[in-house]
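1. give me the fold of what follows.
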Amino acid sequence: MLLRLNIADNRPLHEQVAGAIRRAIAEGECAPGDRLPPARELSLALGVNANTVLRGLRALRDEGLLEFRRGRGVTVAGGAVGRSALMERVRELVADGARLGYSKGDLMEMIKEAQ
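-> Prediction:
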């Protein structure tokens, strides 16, 4: 898995780490069940602190994209590919809504109306 961070990006580093892994999952570089390199290895490859990588990994775990298993490391969750692509679209929707002056609550109401 080849990950890169954009030094010109103004997002926090942990969000960039999570985004890079999310992209790798969505593009099929990582399939469900694949094991990710240890956080220490990822931090060395990306040139960031291991805690920054762990924070990004925890965010992806909370989204349901990764599973943490004691003694087995971090693996890509089943169904993560579709969920990753959908989460990326949701993030784009939230960003577009914010740019147009809509709150997350406004967007949630729009989604409920669309059902």
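
2. helix or strand right after the helix ranked longest in the chain?
-> Longest helix of the chain, by residue count under DSSP state H: helix 80-99. Counting by DSSP states H and E, the next helix or strand C-terminal to helix 80-99 is helix 104-114.

3. so that following helix versus helix 80-99, what angle?
-> 120 degrees (axes from the mean of the first three to the mean of the last three CA atoms, to 10 degrees).

4. show me the contacts for Arg58.
-> Shown in contact with Arg58 (CB atoms under 8 Å, 6 or more residues apart in numbering): no residues. To be clear about C-beta, it is placed using only N, CA and C from the backbone, and glycine gets the same treatment.

5. what's the spacing between it and Gly82?
-> In this view, Arg58 and Gly82 are 21 Å apart by CB to CB, to the nearest Å.

6. helices or strands next to the lowest-mean-pLDDT helix or strand in the chain in the packing?
-> Ranked by mean pLDDT, DSSP states H and E, the weakest helix or strand in the chain is helix 80-99, scoring a mean of 80. When contacts are defined as 3 or more CB pairs under 8 Å, 6 or more residues apart in numbering; DSSP states H and E, helix 80-99 packs onto helix 13-26, helix 104-114.
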